[in-house]
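> this is a predicted model, with the sequence first.
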Amino acid sequence: MAANPEQPATATARRKAGRHRGEGQWAMGHFTPLNGNEQFKKDDDSLNVRTRIETIYSKRGFDSIDPNDLRGRMRWWGLYTQRRAGIDGGKTAVLEPEELEDSYFMLRVRIDGGRLTTAQLRVIGEISEQYARGTADITDRQNVQMHWIRIEDVPAIWEKLEAVGLSTTEACGDCPRVIIGSPVAGIAADEIIDGTPAVDEIHERYIGSPEFSNLPRKFKTAISGSPVQDVVHEINDIAFVGVDHPEHGPGFDVWVGGGLSTNPRLAERLGTWVPLDEVPDVWAGVVGIFRDYGYRRLRTRARLKFLMADWGPAKFRQVLEEEYLERPLLDGPAPAEPSSRWRDHIGVHEQQDGRFYVGFAPRVGRVDGSTLAKIAELAEAHGSGRVRTTVEQKMIILDVEADQVESLSAGLEALDFQVKPSTFRRGTMACTGIEFCKLAIVETKARGAALIDELERRLPDFEEPLTININGCPNACARIQTADIGLKGQLMLDAEGNQVEGYQVHLGGALGLEAGFGRKVRGLKVTSAELPDYVERVLGRFQEEREDDERFATWAARASAESLS
């Protein structure tokens, strides 16, 4: 392995460190923290905060928490302070963190590969009801988030989660976050390769380990052998995508350096083919490069995508092979185009064993504790007790016999979870928004749910695959740049000159086939009140102007500014 924070790699690196601070790259000999985040990470491994939570903070209360733990290290255990109620979006960038935050926490439950048993789902539901005022949101990274968590209750929550094999370890923070995986890994009849063993081995070897607990920023991983390409591999720091090598058989193509936020970038292929049993080592090599060569001076440039932009895939692969793996990797083919326009597994699909899995759509990922318990009951009554979450804020029940599909679908419909949802229910997602998030400027979840209802009423016959992603701030947690219609929250003036919530519009983004970022038309903004009218109008123009079988993204790229306004 390359440099660690105690031992510079070479004498040359030490000389360079003496001349200038650089970008804070450890492998270049730059170990002096260059910002507050790097300082608190050096002062104490963030994983150690758990002991203080259990022995001090949970007993003495919120006011006893050290600020570097509160707004820093506690993230490594899935805890963020949530937004104080009643603070409008105009104050988001003005107030200090202690003025924005409430004395309650968001808690993120880590669900690698989106895999849940009904026992686990029921425990999440119980925690939601007992400690989180019933809140529970399915995220677009397969996790579940709850709100209104008191620090006094955190140890009891951990005990309940860990009793059923769940945790919040490194669910947030500058570390390897949840490993997203195909929710139908080992299940789907059309699967290229099952990546589950790699997900499990990476988790066992590295999650919660000090080896990778101090990275420059967050690190996002995706592993899927599905031909649907169901883990948005193009926008992860590292992704392993199932391919069939003409000589070596099924394995994975490696993509590195994707990410969104305010500087979006698509991942690039390294051009390698990696067999299943080598995935954990290659993963660790890439994370090691990020740890040692990643930029630590400015938080805004600390993601792996910036290093990849500077190095390019050829140099990145060379460093990976020579310094970290100490062996060459095999060249390999690119993955085929996704086998479906939809990548969410909604509907009824046959499994490898002849049974079926049933994917269903909540509204913008919002559920609640009591409803999760009812989903668990349905999964036990009609399946084997296995449930999955997806990266589209959806859920799947596995192992359903043919004669149980209809009754399961009816049970889900009774909970307002649709197996055959409208395009708008299926394709709309939203981030947490101003209800709980300290970074948000506008409302998202309720706005998204209301937009679904209105569009279903106005456009009942619209069936073209379409994604509408709603984000409460510029950070793109809901992937606005890669949606057909991406809505970035901001404040704006309405026709009467009043400051109101609104959105900057991105049009024609896509992942999978013809992946790219949405187009921004100069001055194209819409108020929250005008949102249904705007979407109805632009979809009407799409239907009028589209060519045969033309996708919305393709049309949006060529349409006039007038058609898009």
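Structure received.

> contact partners for Arg386?
Arg386 makes contacts with Arg115, Leu116, Thr117, Thr118, Ala379, Ile397, Leu398, Asp399, as judged by CB atoms under 8 Å, 6 or more residues apart in numbering. Where C-beta positions appear, they are placed from N, C-alpha and C, glycine not excepted.

> now, the residues you listed that are in strands?
Within these, residues falling in strands by DSSP state E are Arg115, Leu116, Thr117, Ile397, Leu398, Asp399.

> pLDDT on stretch 476-487, on average?
Averaging pLDDT along stretch 476-487 yields 95.

> that one: end-to-end distance?
9 Å (CA to CA, to the nearest Å).

> that stretch: how far from the chain's middle?
Averaged C-alpha coordinates place stretch 476-487 at 12 Å from its chain's average position (CA atoms, centre = their mean, to the nearest Å).

> now stretch 44-64
With CA atoms, centre = their mean, you get 27 Å for stretch 44-64.

> in three-state terms, label the residue most central in space within the chain for me.
In the chain, the centroid-proximal residue (CA atoms, centre = their mean) is Arg141; its distance is 3.3 Å. Secondary structure assignment for Arg141 (DSSP: H, G, I helix; E, B strand; the rest coil): coil.

> right, and it touches Val391 too?
Yes - Arg141 is within contact range of Val391, at 6.3 Å (criterion: CB atoms under 8 Å).

> give me the common contacts of the two.
In contact with both Arg141 and Val391: Ile180, using CB under 8 Å, 6+ apart.

> just to revisit the earlier point, in contact with the residue nearest to the centre of the chain, which residues?
Applying CB under 8 Å, 6+ apart, the residues contacting Arg141 are Arg177, Val178, Ile180, Lys220, Val391.

> repeat that with 6 Å
Residues near Arg141 by CB atoms under 6 Å, 6 or more residues apart in numbering: Val178, Ile180.

> likewise Phe252?
Phe252 neighbours (CB under 6 Å, 6+ apart): Phe240, Val274.

> try 8 Å this time
193, 195, 223, 225, 240-243, 273-276, 279.

> which phi and psi does it have?
Main-chain dihedrals, Phe252, degrees, to the nearest 10: phi -130, psi 140.

> and Ala495, by the same measure?
phi -60, psi -30.

> neighbours of it, just the number please.
Residues lying near Ala495 (other CB atoms under 10 Å) number 8.

> from Ala529, how far out is it?
Using CB to CB, to the nearest Å, Ala495 is found at 10 Å from Ala529.

> where exactly do the helices run in the stretch 301-450 of the chain?
For the stretch 301-450 of the chain, the helices defined by DSSP state H, counting those that start in this stretch cover 304-319, 369-382, 405-414, 423-427, 445-458.

> meant to ask about the stretch 1-150 of the chain
So, for the stretch 1-150 of the chain - with DSSP H, counting those that start in this stretch - the helices run 11-19, 36-43, 49-52, 58-60, 67-70, 97-100, 118-131.

> can I get those helices in JSON lines with distance to Glu514, mean neighbour count and mean pLDDT?
Formatted as JSON lines, those follow (distance: least, CB to CB, whole Å; neighbours: other CB atoms under 10 Å; pLDDT from 0 to 100):
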{"stretch": "helix 11-19", "distance to Glu514": "42", "mean neighbour count": "12", "mean pLDDT": "41"}
{"stretch": "helix 36-43", "distance to Glu514": "37", "mean neighbour count": "16", "mean pLDDT": "98"}
{"stretch": "helix 49-52", "distance to Glu514": "44", "mean neighbour count": "17", "mean pLDDT": "98"}
{"stretch": "helix 58-60", "distance to Glu514": "50", "mean neighbour count": "14", "mean pLDDT": "98"}
{"stretch": "helix 67-70", "distance to Glu514": "44", "mean neighbour count": "18", "mean pLDDT": "98"}
{"stretch": "helix 97-100", "distance to Glu514": "39", "mean neighbour count": "13", "mean pLDDT": "92"}
{"stretch": "helix 118-131", "distance to Glu514": "36", "mean neighbour count": "21", "mean pLDDT": "98"}
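
> with that, I have no additional questions.
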